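[1] Sequence below, structure please.
(4 chains)
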Protein chains: 2
Amino acid sequence: MATDKSRQNKDAGVTGDEDISWQAQKSAMTRDRILDATISCFINLGYTNVTTARVASAAGVSRGAMLHHFPSKTELIQAAVEYLHGKLLEDYTRRVNAIPKTKKGRAHRRAGLDAYWEYLTGDLATVYHELCVAGRTDPELQAILRSSSARFDEHVHKTNSVLFEEWNDRGDRYLLAMDVTRFMMEGMAVGQLTVDRKKRIPQLLDYLGDRLEEIFKEGDSGAAGRHSSRN
Amino acid sequence: MATDKSRQNKDAGVTGDEDISWQAQKSAMTRDRILDATISCFINLGYTNVTTARVASAAGVSRGAMLHHFPSKTELIQAAVEYLHGKLLEDYTRRVNAIPKTKKGRAHRRAGLDAYWEYLTGDLATVYHELCVAGRTDPELQAILRSSSARFDEHVHKTNSVLFEEWNDRGDRYLLAMDVTRFMMEGMAVGQLTVDRKKRIPQLLDYLGDRLEEIFKEGDSGAAGRHSSRN
DNA sequence: ATAAAAAAACAAATACGCCTGATTTAAACA
DNA sequence: TGTTTAAATCAGGCGTATTTGTTTTTTTAT
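    Here you go, the predicted model:
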């Protein structure tokens, strides 16, 4: 993977300084187009219904061309999963950064919850969840996911540290808040897969937000009022 | 294999009231054996890797015999899903009924949480979740699931009404408690699919139990009630 | 001109549904 | 009661369709 096609600049003095040949650019473009098409197929068809022919059709290339870039389906899936992780990170950070900087304190944290919810119910996270489920009985996919998810979790953790920076020195309470948030919202996202429960979602988000405030409030006023998280 | 020839009731006029022929019994037995094998294949192979040949092999019958009972794979899946729902109900009610009758009040409700957790992390619920995920891009499976899940949800609701009978006249608070419980625990169960988080699970269950008590305590004594949870 | 990139044809494997044949059971009948 | 007939249950093979990977051919860029 990561087949860098940027050689043949050895001594071609004629075209000289072009260390990235135009052919390599085009190749990389079709490669990305194929990966994008794979993600689209994940979204539209589901992981199990993805075939190399459908991906090639969606990408607008022939199967032969695709097999040239990805010699086997396994390598295609592997590259697509890494690509998906990158898009997940970009999606998540984009939503978080879209929170107005004017929001502070509780409103800021609540906006973080909403952003996380939008992220979780988006197509990318849905597909990622589907891949995790499929990985239960697909050791190959499981290995691919495991190798990529470590970096992903680390980056999310870092982003959350920024989001909840006023709290990330709380140790156990911080972990509890993260777990409660993640699990409850993931459960809500999964539950929405089957039945439409949009009406109760806002209420549940409100409730979750209140509980998070509570978790850290208790830690605050329990000992002494240090580190006021009011803003 | 397993051909128990227990049909010497041929002329035993004493038991003459057998209006169901022994052939029908045997047929129903192989039918159930096939359905059990299908569930096993769901568990061991995953929904997408289930083929008619594997099911027949696991059931110990030939594909021809299976096609006699289930003319197409779709009908097999449909019957297996209904069968799975029945087993899910039986599993859930068995765990709930296994709660010692000596437990009362808060301890009883907490035992209900544990039972629900054991149920959610069991093989059957895991497979059911997998089917729901696969149904996203499989309209046929989605229709099958929808037609069966209604009765299932209704029965679970009834069981929960017994479990939390002291609260099932609370309207909104009851719905909130059910949603919070279900979503958070489902999220925990899903999260455990990928990463092993067994260490934090008890703490989270404790937290969830406390929040449930809190929800109804507040509703009990208005805005002031913060007393210890009594029966 | 050469080598990469793209397209298309080809071969192998798998899975589903259908068909025929064999065995067992229930019923009909002398 | 014993025999025959019909129906159900079961076993296995065959053809078709789909998918994958390989190979061959054509196009394109350097």
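[2] distance of the spatially most central residue of chain A from A:Val156?
    Closest to where the C-alpha atoms of chain A average out (C-alpha atoms, centre = their mean) is A:Leu88, at 2.2 Å. Distance of A:Leu88 to A:Val156, computed by C-beta to C-beta, to the nearest Å: 9 Å. Heads up, the C-betas are built off the backbone N, CA and C, glycines and all.
[3] which bits of chain A sit near chain B?
    A:44-46, A:48-49, A:126, A:129-130, A:132-138, A:145, A:149, A:175-176, A:179-180, A:182-188, A:190-191, A:193-194, A:197, A:200, A:203-204, A:207, A:211 (C-beta under 8 Å from any C-beta of the partner chain).
[4] Produce a PyMOL select command limited to the buried residues of those residues.
    In PyMOL, this line selects whichever of the residues of chain A next to chain B come out buried by 16 or more other C-beta atoms under 10 Å in any protein chain shown:
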select buried, chain A and resi 45+46+48+126+129+130+132+133+134+135+136+137+138+145+149+176+179+180+182+183+184+185+186+187+188+190+191+193+194+200+204+207+211
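[5] Which of the residues of chain A next to chain B fall within helices?
    A:44-45, A:126, A:129-130, A:132-134, A:145, A:149, A:175-176, A:179-180, A:182-188, A:190-191, A:193-194, A:203-204, A:207, A:211 (DSSP state H).
[6] Could you give the number of residues near A:Glu90?
    11 (other C-beta atoms under 10 Å in any protein chain shown).
[7] Could you list the residues in contact with whichever strand or helix holds it?
    Assigned by DSSP states H and E, A:Glu90 falls within helix A:73-97. Contact with helix A:73-97 is made by A:1, A:34-36, A:38-39, A:42, A:52, A:55, A:66, A:70, A:112, A:115-116, A:118-119, A:122, A:124-125, A:127-128, A:131, A:140-141, A:144-145, A:148-149, A:151-152, A:155-156, A:159, A:162-163, as judged by C-beta atoms under 8 Å, 6 or more residues apart in numbering or on different chains.
[8] 7 Å - rerun?
    Here helix A:73-97 makes contact (C-beta atoms under 7 Å, 6 or more residues apart in numbering or on different chains) with A:1, A:35, A:38-39, A:52, A:70, A:112, A:115, A:118-119, A:122, A:124-125, A:127-128, A:131, A:140-141, A:144-145, A:148, A:152, A:155-156, A:159, A:163.
[9] Quick one: check that helix for contact with DNA strand D.
    Yes - under the criterion of C-beta under 7 Å from any atom of the strand, helix A:73-97 makes contact with DNA strand D via A:73-74.
[10] Which positions in that helix come out as buried?
    Across helix A:73-97, burial judged by 16+ other C-beta under 10 Å covers A:76-85, A:87-89, A:91-93, A:95-96.
[11] do it and DNA strand C meet?
    No - using C-beta under 7 Å from any atom of the strand, helix A:73-97 stays clear of DNA strand C, coming no nearer than 12.7 Å.
[12] roughly how far out does that helix sit from the chain middle?
    6 Å (C-alpha atoms, centre = their mean, to the nearest Å).
[13] can you check stretch A:93-104 too?
    17 Å.
[14] what does stretch A:154-169 give?
    Counting by C-alpha atoms, centre = their mean, stretch A:154-169 comes out at 16 Å from the chain centroid.
[15] Check chain A for the residue nearest DNA strand C and tell me.
    Going by C-beta to the nearest atom of the strand, DNA strand C is nearest to A:Gly64 of chain A, at 2.0 Å.
[16] residues making contact with the helix or strand harbouring that residue?
    A:Gly64 is part of helix A:63-69 when elements are defined by DSSP H and E. By C-beta under 7 Å, 6+ apart, the surrounding residues in contact with helix A:63-69 are A:30-31, A:34, A:52-53, A:55-56, A:59.
[17] ok, 10 Å please
    A:3, A:27-28, A:30-31, A:33-35, A:37-38, A:51-53, A:55-57, A:59, A:61-62, A:73, A:75-76, A:79 (C-beta atoms under 10 Å, 6 or more residues apart in numbering or on different chains).
[18] Which of those fall in helices?
    Using DSSP H, the contacts of helix A:63-69 in helices are A:27-28, A:30-31, A:33-35, A:37-38, A:52-53, A:55-57, A:59, A:73, A:75-76, A:79.
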